[in-house]
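1. Quick check, what structure comes out for this input:
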Amino acid sequence: MSEQPSDWRSLITRERLRDGSLLAAVRQRLPAGTVFRSDEEVQADLDAALAKHPSGEDAWLFGYGSLMWNPALHFVERQAGIVRGWHRRYCLWLHAGRGSPENPGLMLALDRGGSCAGVLFRIAAAEARNELLLAWRREMFTDAYNSRWVTVQTKNGPVRAVTFVANRLHDRYAGPLDEQAIAARLGSASGALGTCREYLAETLAALNAIGLRDRALERLQQLIGNQPS
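-> Predicted coordinates for the structure are as follows:
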């Protein structure tokens, strides 16, 4: 089954992250009762992360999902890398964006164990806080993710980078799900940003573009393709 691209690229943009309109729209769309971080709390978490980074040095950000193919920030270098001790997994319930309360989807996050291939973005030291704030507004407006510094292996050696990992204590954390259950969610869920099926295809395409693979995601795509239309 072929997918028509949605208009998510016009929704998640650098401009909307900078002026706060994207975050305002997300806060309106999520189900009643969702607990949000305030703008001040988002910035405080970023500042706490940067306090662990040497002042005056460029900062690296590790992306493993939509950041790979729509970073929406300025960077001076991009390269492939692999983080060990964490793996990419559909482990966060998604009730908006690419899902709904009635038909929830699943979102990728880094979870403990294994390894994960992704994309590293090097951000100039002078712009590090302003650029990383865009990523924080995008990913850290609830407590579903935690920011964390990790070591990423690259062809030029190890790189210390900041990324976003699943908060296992959050009520959106899905816990262990088998491939059939994940594929069923990804094959049916959709929302204002498009379908979960489309997100999976974009992620695999981004990995392929830098010569990397994720066989678990490839199996999910195959399972979805075998589902009845």
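
2. residues touching Met140, list them.
-> Met140 makes contact with 37, 42, 45-46, 147, 164 under the criterion Cβ atoms under 8 Å, 6 or more residues apart in numbering. Where C-beta positions appear, they are placed from N, C-alpha and C, glycine not excepted.

3. what bridges to the closest residue to Ile210 other than its chain neighbours?
-> Leaving aside its sequence neighbours, Ile210 sits nearest to Ala80 (Cβ to Cβ, 6 or more residues apart in numbering; 4.4 Å). In this structure, Ala80 bridges to Val119 when assessed by DSSP bridges.

4. still on that earlier bit, looking at the contacts of Met140, which are in strands?
-> With DSSP state E as the criterion, strands contain 147, 164 from among the contacts of Met140.

5. correct me, but Arg172 touches Cys91?
-> No. Taking contacts as Cβ atoms under 8 Å, Arg172 lies outside contact range of Cys91: 9.0 Å.

6. ok, back up a step: so which of the contacts of Met140 is surrounded by the most neighbours?
-> Using other Cβ atoms under 10 Å as the neighbour test, the contacts of Met140 are led by Phe164, with 24 neighbours.

7. what ranges of the protein fall below the confidence cut-off?
-> By pLDDT under 70, the low-scoring segments of the chain are 1-10, 31, 227-229.

8. Output the helix or strand that contains Gln222 as CSV - backbone C-alpha positions only.
-> If you go by DSSP states H and E, Gln222 is part of helix 215-225. The C-alpha trace of helix 215-225 is given here as CSV (Å, rounded to 0.1, in the frame of the first residue of the first chain):
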residue,chain,number,x,y,z
ARG,A,215,16.3,-4.6,11.0
ALA,A,216,13.6,-4.3,13.7
LEU,A,217,12.0,-1.3,11.9
GLU,A,218,12.3,-3.2,8.6
ARG,A,219,10.4,-6.2,10.1
LEU,A,220,7.7,-3.8,11.3
GLN,A,221,7.4,-2.3,7.8
GLN,A,222,7.1,-5.8,6.3
LEU,A,223,4.4,-6.7,8.9
ILE,A,224,2.4,-3.6,8.1
GLY,A,225,2.7,-4.3,4.4
